[in-house]
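Asks: Got a sequence here, can you build the structure:
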Amino acid sequence: MSPRRDDVEEAVWRYAAGAFPMDDEDAREIPWFVAPRRAIFELDETSRAALRRKVRRDVRACEDHALRVDIAYERVLELCAQPPSGDGAWITPRLAALYRRLHAAGVSHSFELWTPDGVLAAGILGVVIGRAALLESMRRTRPAAGNALLVRTLDHLVDIGIELCDIQLPTPHTERLGCVIVDQEEYEARLARALGR
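Replies: From the prediction side, this is the model:
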């Protein structure tokens, strides 16, 4: 009988298998899901240029903001835990605890946009495995900052050699920004290439 994986190893294994967590506090353990259709942002220069054009006003408004990684991971996690409606919890306490352990293991990261006077304007919480970035959640505290952060984050991901940027499920906003929907078979093939399999 093989030894049981700890929760960090289990999470990395599940992400690498194409699943993602969505907690239900009534469940004994954090549930993991495989969606028949996945949303991704293409990382080629043409796609990123199209995104920059769509949000050019936001990008211009935040030109003097700085992109940082993992400077305020806990703060970004707290921001992302609250759903846009402000009602309930988007990231439950036990899921937040898992993300903290993934961060300690060097797997989960925060991508942050900071104003010149040191205010966190927006943050993205994500998981990076191999050459795959699995972006979990984003919140902003300043107008325009969310779209500007997305643009800067995608450019940063390309700079560090990421090949796949997964956002799990589409929203009306990410569809307007140009996310692409792929079926699970194509997603798994892209994920396997990004993981070097």
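Asks: pLDDT below threshold where in this structure?
Replies: Residue ranges of the chain with pLDDT under 70: 1-5, 83-89.
Asks: so where do the helices sit in it?
Replies: Shown for the chain, the helices assigned by DSSP state H span residues 7-16, 45-54, 56-61, 73-81, 93-104, 145-159, 172-177, 184-194.
Asks: chain center to the fifth one, what's the gap?
Replies: Here helix 93-104 is found 14 Å from its chain centre; the criterion is C-alpha atoms, centre = their mean, to the nearest Å.
Asks: Need the residues that contact it.
Replies: Defining contact as C-beta atoms under 8 Å, 6 or more residues apart in numbering, one finds that helix 93-104 is touched by 7-8, 11-12, 21, 23, 30, 70, 73-74, 77, 81, 91, 108-110, 125, 127, 136. The C-beta positions use only the backbone N, C-alpha and C, and glycine is treated the same way.
Asks: Would you indicate which residues of it are buried?
Replies: The neighbour-count check on helix 93-104 (16 or more other C-beta atoms under 10 Å) flags L95, A96, L98, Y99, L102, H103 as buried.
Asks: Check stretch 61-81 too.
Replies: So, applying 16+ other C-beta under 10 Å, buried residues of stretch 61-81: A61, C62, H65, L67, Y73, V76, L77, L79, C80, A81.
Asks: what's around the residue lying closest to the third one once chain neighbours are set aside, how many residues?
Replies: Here the nearest residue to H65 in space, its sequence neighbours aside, is L113; by C-beta to C-beta, 6 or more residues apart in numbering that works out to 4.9 Å. Other residues within reach of L113, judged by other C-beta atoms under 10 Å, total 27.
Asks: What's opposite L113 in the beta bridge?
Replies: Counting by DSSP bridges, L113 is bridged to L67, A122.
Asks: separation between it and D26?
Replies: 35 Å (C-beta to C-beta, to the nearest Å).
Asks: returning to what we had before: show me how to select, in PyMOL, the buried members of the contacts of helix 93-104.
Replies: Selecting only the buried entries of the contacts of helix 93-104 in PyMOL, with 16+ other C-beta under 10 Å as the criterion:
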select buried, resi 11+12+21+23+30+73+77+81+91+108+109+110+125+127+136
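Asks: Touching, V119 and R140? I think so.
Replies: No: with contacts defined as C-beta atoms under 8 Å, V119 does not count as touching R140, sitting 11.3 Å away.
Asks: who has more neighbours, these two?
Replies: It is R140, of V119 and R140, that has more neighbours when counted by other C-beta under 10 Å, with 20 against 12.
Asks: before we move on, back to that, okay, the helices of the chain in a markdown table with distance to R38 next?
Replies: Shown next, in a markdown table, are these (distance: least, C-beta to C-beta, whole Å):
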| stretch | distance to R38 |
| --- | --- |
| helix 7-16 | 12 |
| helix 45-54 | 16 |
| helix 56-61 | 25 |
| helix 73-81 | 20 |
| helix 93-104 | 20 |
| helix 145-159 | 17 |
| helix 172-177 | 12 |
| helix 184-194 | 4 |
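Asks: nearest to P36, of these?
Replies: helix 184-194 (5.4 Å; C-beta to C-beta).
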